[in-house]
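K.L.:
Sharing a model that was predicted from the sequence below.
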Amino acid sequence: TREPCILADLSAAAVQPVGPKASRTNQLITQAVEPPGLEIDSDPQGLYNMLRMLLDNAIKFTPEGGQIEVAIAAQAVETGETGETGGAGAAAGGAARAVRIVVTDTGIGMTPAEIAGLFRPFGQIDKTLSRRYEGLGIGLAYVHNMARLLGGSVAVASPPEGGSRFT
């Protein structure tokens, strides 16, 4: 169900339960929402789950002392018929029509081949029995499908030498 979502509150709620795990490995999580009172009509539980899964992965694949950033901003949206762009995406009541959510980390990075299969259910980059990173491989598939259901998309940029950026 769609309802108003205050994105600073949603981001804080998603970061709060993963904070202790990040603290144990001296990882720093920062958050920025522009404008600070940014609101969108969407599925708050779906957005929360997406953020949590992206944060869980960022923490898992970022070494001790690394950094993770959540950046959320209003995004201009094409209106369609006239081809006009809706400035900062403001709708009635100051709610945004679209937002860009970006989770960036200083983790291990991925190769283009690893990125190609990233959003498949039960996909794991390391398929060996002694793999270093645990998980079922369903988090990013969920993120991909939920983004589509909400009318958006998900993309990743990740140089093999380190770091990932999920948008």
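P.N.:
Done, it's in.
K.L.:
Stretch 156-167: which residues count as buried?
P.N.:
Val156, Ser158, Gly162, Gly163, Ser164, Phe166 (16 or more other CB atoms under 10 Å). Just so you know, the C-beta spots here come from the backbone N, C-alpha and C atoms, and that holds for glycine as well.
K.L.:
what does stretch 52-67 give?
P.N.:
Using 16+ other CB under 10 Å as the test for burial, stretch 52-67 gives 52-62, 66-67.
K.L.:
Name the nearest of the buried residues of stretch 156-167 relative to Met146.
P.N.:
Among these, Phe166 lies closest to Met146 (CB to CB), at 12.7 Å.
K.L.:
Ala22 touches Asp56, doesn't it?
P.N.:
No: Ala22 is beyond contact range of Asp56, at 10.3 Å (criterion: CB atoms under 8 Å).
K.L.:
Apart from its neighbours in sequence, what residue is nearest Ser164?
P.N.:
Spatial nearest neighbour of Ser164, excluding adjacent residues (CB to CB, 6 or more residues apart in numbering): Ser158 at 4.0 Å.
K.L.:
Go ahead and confirm that neighbour touches Thr167.
P.N.:
No: counting by CB under 8 Å, Ser158 stays clear of Thr167, with 11.4 Å between them.
K.L.:
and after the helix or strand of the chain with the lowest mean pLDDT, which helix or strand comes next?
P.N.:
Every helix and strand of the chain was ranked by mean pLDDT, DSSP states H and E. The lowest is strand 85-86, at a mean of 34. Downstream of strand 85-86, the next assigned helix or strand under DSSP states H and E is strand 99-105.
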